[in-house]
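Asker: mind folding the following:
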Amino acid sequence: VSDRSHSAERRTFCRTQTNTRYMVDEKQNPDEQQPQPLDMDDLTPPPINLSRSSILFDPDPSTKKNKNIALDLWKECKSNFPKIVTGAWGEEDAGDDNPVGALYNLVFVRLPVLFGFGFYLKNNFAGRPLIIDFGTGELVIDIFIASLVVFFL
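Answerer: Numbering: from 1, shown residues only. Prediction:
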């Protein structure tokens, strides 16, 4: 152990009966210790704004608008792609409350289904229809049924 570690001051924190924190030097005799108030005790609490336009209660706070990359990307996709690709039917702000979920739905659900439907249409018009066998015999999937599945997705 070096001499330097022994010479370093050790300070501890203690609480008085009024529950105020003080810093006390451990090297001094306990009878001679004079508690020193911490700098943090002098700080005033932050002001609380309970008005309707505050960050906590405003339905559209300024912090929600700034630096939200997912929301910006979702709005770009929604404005540039057709509604069948984005799934943003009806309301103009559809998907804005959860842009990450909307982008996930776009990339991992809607686009693969639409590409699969395009592949199905290409094969169907080439004379190779989609045939499914549930064990009772072959069943050719009609283009109307496939279109309904894609439309209601």
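
Asker: helices of this structure, start to end?
Answerer: 3-7, 62-65, 69-80, 83-86, 99-105, 111-125, 143-151 (DSSP state H).

Asker: ranking the ones you listed by burial, who's on top?
Answerer: Counting by mean count of other Cβ atoms under 10 Å, helix 99-105 has the highest mean neighbour count of the helices of the chain, with a mean of 17. For glycine as for every other residue, the C-beta is placed from the backbone atoms N, C-alpha and C.

Asker: any stretches of the chain with poor pLDDT?
Answerer: Residue ranges of the chain with pLDDT under 70: 1-67.

Asker: if we go to 50?
Answerer: 1-8 (pLDDT under 50).

Asker: what's the domain layout of it?
Answerer: 3-41, 69-151 (automatic domain parsing).

Asker: that older thread, quick check: which of the helices of the chain is nearest to residue 92?
Answerer: Residue 92 lies closest to helix 69-80 among the helices of the chain, at 9.0 Å (Cβ to Cβ).

Asker: C-alpha coordinates for the closest one, CSV please?
Answerer: C-alpha atoms of helix 69-80 as CSV (Å, rounded to 0.1, in the frame of the first residue of the first chain):
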residue,chain,number,x,y,z
ILE,A,69,-36.0,9.9,-37.4
ALA,A,70,-38.5,7.1,-37.4
LEU,A,71,-41.4,9.5,-37.6
ASP,A,72,-39.8,11.5,-40.4
LEU,A,73,-39.1,8.3,-42.4
TRP,A,74,-42.6,7.0,-41.8
LYS,A,75,-44.1,10.3,-43.1
GLU,A,76,-41.9,10.2,-46.2
CYS,A,77,-43.0,6.6,-46.9
LYS,A,78,-46.6,7.5,-46.3
SER,A,79,-46.4,10.4,-48.7
ASN,A,80,-44.5,8.6,-51.5
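
Asker: helices or strands up against that helix?
Answerer: For helix 69-80, the packing partners by 3 or more Cβ pairs under 8 Å, 6 or more residues apart in numbering; DSSP states H and E come out as helix 99-105.

Asker: elements contacting the helix it packs on?
Answerer: Using 3+ Cβ pairs under 8 Å, 6+ apart, helix 99-105 sits against helix 69-80.

Asker: contacts for the helix it packs on, please.
Answerer: 86, 88, 94-96, 99-100, 102-103, 106 (Cβ atoms under 8 Å, 6 or more residues apart in numbering).
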